[in-house]
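Undergrad: Sequence and predicted structure, then a few things I'm wondering about:
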Amino acid sequence: MIDPVFFSVLLFGAAAMYSAVGHGGASAYLALMALAGFAPEQMRPLALALNLFVSAIAFIQFRRTGAFDFKLFLMFGLAAIPMAYLGGSIDLGSTWHRRALGLVLLASAAALAFRPKLASYSVSPPSLAKALPTGGVLGLIAGLTGTGGGIFLSPLLVLMRWAEARTVAGVSAAFIFCNSAAGLIGQGARLSALPPATPFYILAVVIGGFAGSWLSATRLPKVAILRLLSLVLVIAGIKLLGL
């Protein structure tokens, strides 16, 4: 097993980079755990726990700036939260979990690399008939794999012009937080599989989350960061799929 101190440093870096571009970081935490050889039963609850803290930091900050639409969040969250709980309670088994996680990491890499220009555009909020099933699918994926679903929701909101650019990050942060909490509760007894160093890992991502928020206000080369994160996700995804 990888040295906990070194792994904490890696988590700090991942949290800082992800929070700098408006995400919680679960896919990066899962990628690092996969590359470090963590046991499958440890990966999902640990990723959800870490994501919970970083997304909470992001939500508080975005909420303070008014970048949050409660009605829009509710349209997706109503179905996502119970489905995240359901996904968290399902045990896919080691082989299928690795395959599902590998596919999600590759999809996350694509979603992260795809960053629509956040220019002004006309907004047409989705109907409940579109938002509910979309949220449900993302919530189920979040619970099954240990991600928050926000990395898919963010580009979708922009691409479909369902939300103003300034509200996307706030809605996604709340979405990630609630899905992570529901998925974690769904894990139940599997929480006992969390590694002993979990408190240190949580501290590392919390500090990283605040650092990333500060860096996002500077002239940070975000394109380079996105490419680096995408590369890590691709490598981990390929490893999990055994390609």
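TA: Nice, I can see it.

Undergrad: I'd like to know how far Ile81 sits from Asp3.
TA: Ile81 sits at a distance of 36 Å from Asp3 (criterion: CB to CB, to the nearest Å). Every residue, glycine included, has its C-beta placed from N, CA and C.

Undergrad: Which stretches in this structure count as strands?
TA: Remark: strands of the chain are absent; assignment by DSSP state E.

Undergrad: Looking at it, which helix is longest?
TA: helix 40-64 (DSSP state H).

Undergrad: picking up where we left off before, compare Ile81 and Asp3 and say which one has the larger neighbour count.
TA: Comparing Ile81 with Asp3 by other CB atoms under 10 Å, the one with more neighbours is Ile81, at 22 against 10.

Undergrad: Pretty sure the more buried one sits against Phe177.
TA: No: using CB atoms under 8 Å, Ile81 is not in contact with Phe177, being 10.3 Å away.

Undergrad: Which elements pack onto the longest helix of the chain?
TA: Helices and strands touching helix 40-64, by 3 or more CB pairs under 8 Å, 6 or more residues apart in numbering; DSSP states H and E, are helix 4-20, helix 26-36, helix 94-113, helix 165-187, helix 198-215.

Undergrad: List of residues touching the last one?
TA: Okay, so that is helix 198-215. Residues from elsewhere that reach helix 198-215, judged by CB atoms under 8 Å, 6 or more residues apart in numbering: 4-5, 7-9, 11-20, 25, 29, 46, 49-50, 53-54, 57-58, 61, 195.

Undergrad: now that helix, how far from the centre of its chain.
TA: Remark: helix 198-215 is offset 14 Å from the chain centroid, using CA atoms, centre = their mean, to the nearest Å.

Undergrad: quick one on the thing from earlier: now restrict the contacts of helix 198-215 to buried residues only.
TA: Buried members of the contacts of helix 198-215, scored by 16 or more other CB atoms under 10 Å, are 7-8, 11-20, 25, 29, 46, 49-50, 53-54, 57-58, 61, 195.

Undergrad: Only the C-alpha atoms, please, for stretch 44-61, written as CSV.
TA: The C-alpha trace of stretch 44-61 is given here as CSV (Å, rounded to 0.1, in the frame of the first residue of the first chain):
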residue,chain,number,x,y,z
ARG,A,44,-16.0,4.1,-3.4
PRO,A,45,-16.7,5.1,0.2
LEU,A,46,-13.4,7.0,0.5
ALA,A,47,-14.0,8.9,-2.8
LEU,A,48,-17.5,9.9,-1.7
ALA,A,49,-16.3,11.0,1.7
LEU,A,50,-13.6,13.2,0.2
ASN,A,51,-15.9,14.6,-2.4
LEU,A,52,-18.4,15.5,0.3
PHE,A,53,-16.0,17.9,2.0
VAL,A,54,-14.6,19.6,-1.2
SER,A,55,-18.1,20.0,-2.8
ALA,A,56,-19.3,21.6,0.5
ILE,A,57,-16.5,24.2,0.3
ALA,A,58,-17.3,24.9,-3.3
PHE,A,59,-21.0,25.3,-2.7
ILE,A,60,-20.6,27.7,0.2
GLN,A,61,-18.3,29.9,-1.9
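
Undergrad: tell me the mean pLDDT over that stretch?
TA: Across stretch 44-61, pLDDT averages out at 86.

Undergrad: for Leu157, what are its contacts?
TA: Here Leu157 is in contact with Ala163, Val168, Val171, Ser172 (CB under 8 Å, 6+ apart).

Undergrad: Perfect, I'm done here.
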